[in-house]
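Undergrad: Have a look; sequence and predicted model below, questions after that.
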Amino acid sequence: MTRMLIALAAAAAASTPTVGAKIRTGFQPCGVAAYGSYLYVTNYGSGNLTRIDPRTNKVVRTVKVGHGPCGVVAGGGFLWVENFNSDTISRINPRTLRGTRQIRVGHKPWDVDYAFGSAWATNQLDGTVSRIDAKTLKVTTTIKTGGNPTCVRSGAGSIWIGSQGTNDVYRIDPATNAVTAIDVGKGGELCVDAHSDGVWVSNDVDGSVSRIDPATNAVVATTKVGTAPSDGVRGPDGLEWIPNRGDGTISRIDPATNAVVDTFSVTGTPFVVRSAFGDIWVDDFKGNQEWRVHVH
């Protein structure tokens, strides 16, 4: 697997990705998730969810959710949407886009993930994480972290939480709900992307990405990227894609070397990137477009 990733990374470095389509969504697209044959985009400013057909790059349906929807994830046969200004998580049937259930969590939920039979919501102003039972749709545990929790991802057998107001990333054991705080040495708005080979932590203050070894919880590398890096993802090319919302660029990091392969312009305000249907999907948060970036 390691050799394959290195080979993919070397091939990816040979050519710069290109924006293949710009799809008009609602105002302030903020989160992306794939389910079945469609891509779903939350629109923070419009308060709705857009369904995109990746075969045509066309919007085929838009439905209302809560107020200030942003984080979205597919899991357990449903879509889970975080509504920042409603203090709720919406559970949506992606087949019908009807029968939405609203689950009240903490104050100002920032993001949502699905793993270990639960949905996990970060409550930014409470310094907590709500664990939601996927069957009962009840909050079974409210987990105290610290700081102001931001992004949430699952990986390496744990739940990983970014934050504001501290230098810490929080690791939650899903078996016990115990929290381990990991000092990454600098504060800002910290977002995480977790994998078995490392947890990648972007810091919007100093334009860096730190890599945590999940075996030791130690920071093993720090890489400079662009201005105000945000919510990244592992791409189909084996590279780590980091959107830099402060300068309208995306940086790709090679996990084999922790070095930046390239940084290319997409203009606008790239806030969240996700991998689906063989490409990378980018939200222009201050605009009204979803960009589809081809991975060469």
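TA: Happy to help now that I have it.

Undergrad: Excluding covalently adjacent residues, which one is nearest to residue 278?
TA: Closest residue in space to residue 278, ignoring its immediate chain neighbours: residue 236 at 5.9 Å, by CB to CB, 6 or more residues apart in numbering. Placement of C-beta: from N, CA and C, glycine included.

Undergrad: where's the one you found relative to residue 274, distance?
TA: Counting by CB to CB, to the nearest Å, the separation of residue 236 from residue 274 is 11 Å.

Undergrad: okay, the two: which has more neighbours?
TA: Taking neighbours as other CB atoms under 10 Å, residue 236 and residue 274 compare with residue 274 leading, 22 against 16.

Undergrad: And whichever strand or helix holds the more buried one, what does it pack against?
TA: Element membership for residue 274, per DSSP states H and E: strand 270-276. Secondary-structure packing of strand 270-276 (3 or more CB pairs under 8 Å, 6 or more residues apart in numbering; DSSP states H and E): strand 29-35, strand 233-234, strand 240-244, strand 249-254, strand 279-284.

Undergrad: That one to strand 279-284, inter-axis angle?
TA: Per axes from the mean of the first three to the mean of the last three CA atoms, to 10 degrees, the angle that strand 270-276 makes with strand 279-284 is 160 degrees.

Undergrad: Pull the residues that contact strand 270-276.
TA: Outside of strand 270-276, the residues within contact range by CB atoms under 8 Å, 6 or more residues apart in numbering are 30-34, 39, 54, 230-236, 241-245, 248-250, 280-285, 291.

Undergrad: what residues do residue 236 and residue 274 have in common as contacts?
TA: Counting by CB under 8 Å, 6+ apart, the residues touching both residue 236 and residue 274 are residue 280.

Undergrad: Any idea what residue 141 is bridged to?
TA: residue 131 (DSSP bridges).

Undergrad: wait, isn't it in contact with residue 178?
TA: No. Judged on CB atoms under 8 Å, residue 141 makes no contact with residue 178 at a distance of 11.0 Å.

Undergrad: Between the two, point out the one with more neighbours.
TA: Between residue 141 and residue 178, counted using other CB under 10 Å, residue 141 has the larger neighbour count: 14 against 10.

Undergrad: wait, isn't residue 288 in contact with residue 30?
TA: No. In this structure residue 288 lies outside contact range of residue 30 using CB under 8 Å: 11.4 Å.

Undergrad: quick one: which of these two has more around it?
TA: Counted by other CB under 10 Å, residue 288 and residue 30 do not tie: residue 30 has more neighbours, with 25 against 17.

Undergrad: give the contact list for that one.
TA: 42, 43, 44, 69, 70, 71, 271, 272, 283, 285.

Undergrad: And the lowest mean pLDDT element among the helices and strands of this protein?
TA: The helix or strand of the chain with the lowest confidence, counting by mean pLDDT, DSSP states H and E, is helix 2-12 at a mean of 49.

Undergrad: just checking, next helix/strand downstream of it?
TA: Next along the chain after helix 2-12, taking DSSP H and E as the criterion, comes strand 18-24.

Undergrad: Would you mind getting the angle between that next one and strand 279-284?
TA: Using the same axes, to 10 degrees: strand 18-24 against strand 279-284 is 50 degrees.

Undergrad: heads up, I number from 57, so please use that
TA: Understood, numbering begins at 57; the last thing we discussed is strand 74-80.

Undergrad: Give the buried residues for strand 74-80.
TA: Across strand 74-80, burial judged by 16 or more other CB atoms under 10 Å covers 75, 77, 78, 79.

Undergrad: what does stretch 208-227 give?
TA: By 16+ other CB under 10 Å, the buried positions in stretch 208-227 come out as 208-212, 214-227.
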